[in-house]
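In: I would like the atomic coordinates for the input below:
(2 chains)
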Amino acid sequence: GDSVTQMEGPVTLSEEAFLTINCTYTATGYPSLFWYVQYPGEGLQLLLKATKADDKGSNKGFEATYRKETTSFHLEKGSVQVSDSAVYFCALLSSGGYNKLIFGAGTRLAVHP
Amino acid sequence: GAVVSQHPSWVICKSGTSVKIECRSLDFQATTMFWYRQFPKQSLMLMATSNEGSKATYEQGVEKDKFLINHASLTLSTLTVTSAHPEDSSFYICSARVAGAGTGELFFGEGSRLTVL
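Out: Purely as a prediction, here's the structure:
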């Protein structure tokens, strides 16, 4: 079945460092891909998405490119801030009915001043 | 964006009792809601999909008699954990899809942490 694999965390960075969180997927057909973020004590929020190959999703300085050839959707940010500390989930929209989202395990990011 | 609210945010109950968790879409109508379960340091696992006015669709391995889902209106879905046991302790999260919205427009509640003693 469809699945998402994320790099294990936690990822610990200093402020202004470059961030990459790897995400690869297995799916039939052509899924849509998402990054969700969960800040401490809050619910999940959509960070960015891409619906077809070579699309680049971007938001709040984060970006990810849908790479069909490598089945990847890596999340990047050029300069992280302390406020970016959160858990990041990669997800794909299953090609089955009801728009079911399948999540990766999540990667915790901790940014220190 | 749209707001989804869960209640209670945390609950402690004795083994053998039943617990109901509510999921409400506050400023939009949701024809479809999803219930997830999240174990510590693990991903969200989809438990079931509920559609307003019809029976929920459960994922493989989820006991429908154990986790009762009701989606009686376009703004409310409930999850009832019946005869709860310690292994049911978890973080339960609901999400809702805006009626008529495009692909992936899901909004998530803050989650409800259940602890069964």
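In: what does chain B have sitting close to chain A?
Out: With C-beta under 8 Å from any C-beta of the partner chain as the criterion, chain B comes near chain A at residues B:1, B:4, B:32, B:34, B:41-44, B:46, B:49, B:51, B:57, B:93, B:95, B:97, B:103-104, B:106, B:108-111. For every residue, glycine as well, the C-beta is placed using N, CA and C.
In: Could you rerun that using 10 Å?
Out: Contact residues, chain B versus chain A (C-beta under 10 Å from any C-beta of the partner chain): B:1, B:3-6, B:9, B:32, B:34, B:36, B:38, B:41-46, B:49-51, B:57, B:59-60, B:93-95, B:97, B:101-111.
In: In ChimeraX, how would I select just the buried ones from those?
Out: Selection of buried members from the residues of chain B next to chain A for ChimeraX, criterion 16 or more other C-beta atoms under 10 Å in any protein chain shown:
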select /B:4,6,32,34,36,38,43,44,45,46,49,50,57,93,94,95,97,101,104,105,106,107,108,109,110,111
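In: was I right about A:H74 contacting A:I21?
Out: Yes: with contact defined as C-beta atoms under 10 Å, A:H74 counts as touching A:I21 (6.7 Å).
In: joint contacts of those two?
Out: Common neighbours of A:H74 and A:I21, using C-beta atoms under 10 Å, 6 or more residues apart in numbering or on different chains, are A:Q6, A:M7, A:W35, A:A64, A:C90.
In: Correct me if wrong, but the fourth one is in a strand.
Out: Yes: remark: A:A64 belongs to a strand, assigned using DSSP: H, G, I helix; E, B strand; the rest coil.
In: Could I get the contacting residues of it?
Out: Taking C-beta under 10 Å, 6+ apart as the test, what A:A64 contacts is A:20-21, A:23, A:33-35, A:47-50, A:55-58, A:72-77, A:90.
In: Which members of those occur in strands, if any?
Out: A:20-21, A:23, A:33-35, A:47-50, A:56-58, A:75-77, A:90 (DSSP state E).
In: Show the buried residues in these.
Out: A:21, A:23, A:33-35, A:47-50, A:57, A:75, A:77, A:90.
In: Return the distance of the helix-or-strand element of chain B with minimal mean pLDDT from the chain's centre.
Out: Scoring the helices and strands of chain B by mean pLDDT, DSSP states H and E places strand B:106-108 at the bottom, with a mean of 85. Relative to its chain's centre, strand B:106-108 lies at 12 Å (C-alpha atoms, centre = their mean, to the nearest Å).
In: Let's see stretch B:51-67 as PDB, backbone CA atoms only.
Out: Only the C-alpha atoms of stretch B:51-67 are listed here, as PDB (Å, rounded to 0.1, in the frame of the first residue of the first chain):
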ATOM      1  CA  ASN B  51     -19.500  10.900   6.400                       C
ATOM      2  CA  GLU B  52     -22.400  13.000   7.600                       C
ATOM      3  CA  GLY B  53     -25.500  10.900   7.800                       C
ATOM      4  CA  SER B  54     -23.900   7.500   7.000                       C
ATOM      5  CA  LYS B  55     -21.900   4.800   8.700                       C
ATOM      6  CA  ALA B  56     -18.200   5.400   9.300                       C
ATOM      7  CA  THR B  57     -15.700   3.500   7.200                       C
ATOM      8  CA  TYR B  58     -13.100   1.900   9.400                       C
ATOM      9  CA  GLU B  59      -9.500   1.100   8.500                       C
ATOM     10  CA  GLN B  60      -8.300  -2.500   8.700                       C
ATOM     11  CA  GLY B  61      -7.500  -3.600  12.200                       C
ATOM     12  CA  VAL B  62      -9.700  -1.000  13.900                       C
ATOM     13  CA  GLU B  63     -12.500  -2.400  16.000                       C
ATOM     14  CA  LYS B  64     -15.700  -0.700  15.000                       C
ATOM     15  CA  ASP B  65     -17.500  -1.900  18.100                       C
ATOM     16  CA  LYS B  66     -14.700  -0.500  20.200                       C
ATOM     17  CA  PHE B  67     -14.500   2.900  18.600                       C
END
